[in-house]
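> for reference, the sequence and a predicted model appear below.
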Amino acid sequence: MKAAGLTEIKKELNVVPPAQLVELCLRLAKFKKDNKELLSYLLFESHNLQGYIEAVKENMDTEFAAEPGRGHVYYIKKHLRKILRNTNKQIKYTGSKQAEIELLLYFCTKVKESGIKVNDSLALSNLYQQQLKKIEKAISAQHEDLQYDYLRQLEKL
């Protein structure tokens, strides 16, 4: 079965009565954890973006506090990728470049503070450099005043 396009779905959702729309959303939320998390964000968290960013940062703090394993580069890389995967998922939910910049800057800051020797491993170095590139790209889409503030934070890294 082929999935309908986004425009077709949008047209059909405009025709559906509100009660049936609620049923459709609940049924959608049952199938995947990501759908449920996105729906939770949209219903409960989207009105307070800064509070949501702080909650994600706290979550990152707890994940960084957990030991990645035996201190081997492989386990450190896996640990950082897991944190980054969760962070990117939260960024995708917000759909905000400001949230992306703040969270990725925080991630890079936490990597530096954790004492992980990024330059000792090519994989870790590449992972870190990719995040810096993503931050630079997101900053370039911001207003000039915000660009200046974020670039100063980026230079510290």
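Good, I have the coordinates. Since this is a predicted model, take the numbers as computed values, not measurements. Numbers count the residues shown, from 1 in each chain.

> for the rest of this, base every contact and every neighbour count on C-alpha atoms.
Noted.

> neighbouring contacts of the least confident helix or strand in the chain by mean pLDDT?
Ranked by mean pLDDT, DSSP states H and E, the helix or strand of the chain with the weakest confidence is helix 144-156, at a mean of 80. The contact list for helix 144-156 (CA atoms under 8 Å, 6 or more residues apart in numbering) reads I101, L105, L132, E136, I139, S140.

> out of the residues you listed, which are buried?
Taking 16 or more other CA atoms under 10 Å as the criterion, what is buried in the contacts of helix 144-156 is I101, L105, L132, E136, I139.

> between the residues you listed, which is nearest K82?
Proximity of these to K82 (CA to CA) peaks at L105, which lies at 16.6 Å.

> which ones are touching that closest one?
L105 neighbours (CA under 8 Å, 6+ apart): I135, Q153, L154.

> what's the spacing between it and R27?
Taking CA to CA, to the nearest Å as the measure, L105 falls 36 Å from R27.

> buried ones in the helix ranked longest in the chain?
Criterion DSSP state H: the longest helix present in the chain is helix 73-94. With burial defined by 16+ other CA under 10 Å, the residues of helix 73-94 counted as buried are V73, I76, K77, H79, L80, I83, L84, T87, Q90, I91, Y93, T94.

> could you find the closest non-adjacent residue to the second one?
Read that as I76. Nearest residue to I76, sequence neighbours excluded (CA to CA, 6 or more residues apart in numbering): P68, at 5.4 Å.

> next, that neighbour: secondary structure please.
Under DSSP: H, G, I helix; E, B strand; the rest coil, P68 falls in the coil class.

> check the burial of it by counting its neighbours.
By other CA atoms under 10 Å, the residues close to P68 number 17.

> surely L124 and V118 touch.
Yes. With contact defined as CA atoms under 8 Å, L124 reaches V118; the gap is 5.2 Å.

> break this protein into its domains for me.
Following automatic domain parsing, the chain resolves into domains at 1-31, 33-156.

> winner for burial among those domains?
Ranked by mean neighbour count, the domains of the chain are led by domain 33-156 with a mean of 15 (mean count of other CA atoms under 10 Å).
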